[in-house]
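Asks: here are the coordinates; sequence isn't available:
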């Protein structure tokens, strides 16, 4: 999260209407992040929703977002990526864990090097530069169509059907 907050001034310098929405309950003390936001004079650009978000509310936050940013330093997979795709939202994510396998660079989102607020800002700015030229929604739908993960119900139906024969 700190990398994303540190990336924001560079994003705002290129995209002055950009806003950062941080949603979800912090697992650690949020004061570090809140102080960083204050220190960088970003209060008017950042909205923090520090609480557990019920499933029924998730769509509201995705609906008001153009882009989802996954600034992980390490990861295996991310449920947030799957949810983002289900709302047809492109992502900027760091090249860690298995995230690279599920993001088609410059088609369903953008991949950047980890541990760099500069790289993160560049990826976000690239989105703003290309968002009118790339049909992220269509690309995400195609990507989901190729993914077996999203076809589990069909696969189980076929297994059950074949075992009944």
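Replies: Happy to help now that I have it. Only a predicted model underlies this, so the values are computations on that prediction, with no experimental measurement involved. Residues are numbered from 1 along each chain as shown.

Asks: is residue 110 located within a strand, as I assumed?
Replies: Yes - counting by DSSP: H, G, I helix; E, B strand; the rest coil, residue 110 is found in a strand.

Asks: ok, the residue lying closest to it once chain neighbours are set aside to residue 142 distance?
Replies: Among residues not flanking residue 110 along the chain, residue 123 sits closest, at 4.2 Å (C-beta to C-beta, 6 or more residues apart in numbering). To be clear about C-beta, it is placed using only N, CA and C from the backbone, and glycine gets the same treatment. Using C-beta to C-beta, to the nearest Å, one obtains 21 Å as the distance from residue 123 to residue 142.

Asks: compare these two (neighbour count), which wins?
Replies: For residue 123 versus residue 142, neighbours defined as other C-beta atoms under 10 Å are more numerous around residue 123 (25 against 14).

Asks: quickly find the element holding that one.
Replies: helix 117-130 (DSSP states H and E).

Asks: and that helix, what does it pack against?
Replies: In this structure, helix 117-130 packs against helix 2-14, strand 91-94, strand 109-112, with contacts taken as 3 or more C-beta pairs under 8 Å, 6 or more residues apart in numbering; DSSP states H and E.

Asks: which residues sit against the second one?
Replies: So the one you mean is strand 91-94. 67-73, 75, 78, 81, 84, 99, 103, 108-115, 119-120, 123-124, 126-127 (C-beta atoms under 8 Å, 6 or more residues apart in numbering).

Asks: so for residue 43, which of the helices and strands packed on helix 117-130 sits nearest?
Replies: helix 2-14 (11.2 Å; C-beta to C-beta).

Asks: what's the distance between the closest one and the middle of its chain?
Replies: From the chain centre to the centre of helix 2-14 is a distance of 15 Å (C-alpha atoms, centre = their mean, to the nearest Å).

Asks: name the residue closest to the centre of the chain, please.
Replies: Centroid check for the chain by C-alpha atoms, centre = their mean gives residue 68 as the closest residue, at 2.8 Å.

Asks: could you dump the helices and strands packed on helix 117-130 to TSV with mean pLDDT, distance to residue 138 and mean neighbour count?
Replies: As requested, those are arranged in TSV below (pLDDT from 0 to 100; distance: least, C-beta to C-beta, whole Å; neighbours: other C-beta atoms under 10 Å):
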stretch	mean pLDDT	distance to residue 138	mean neighbour count
helix 2-14	98	25	18
strand 91-94	96	16	26
strand 109-112	97	13	25
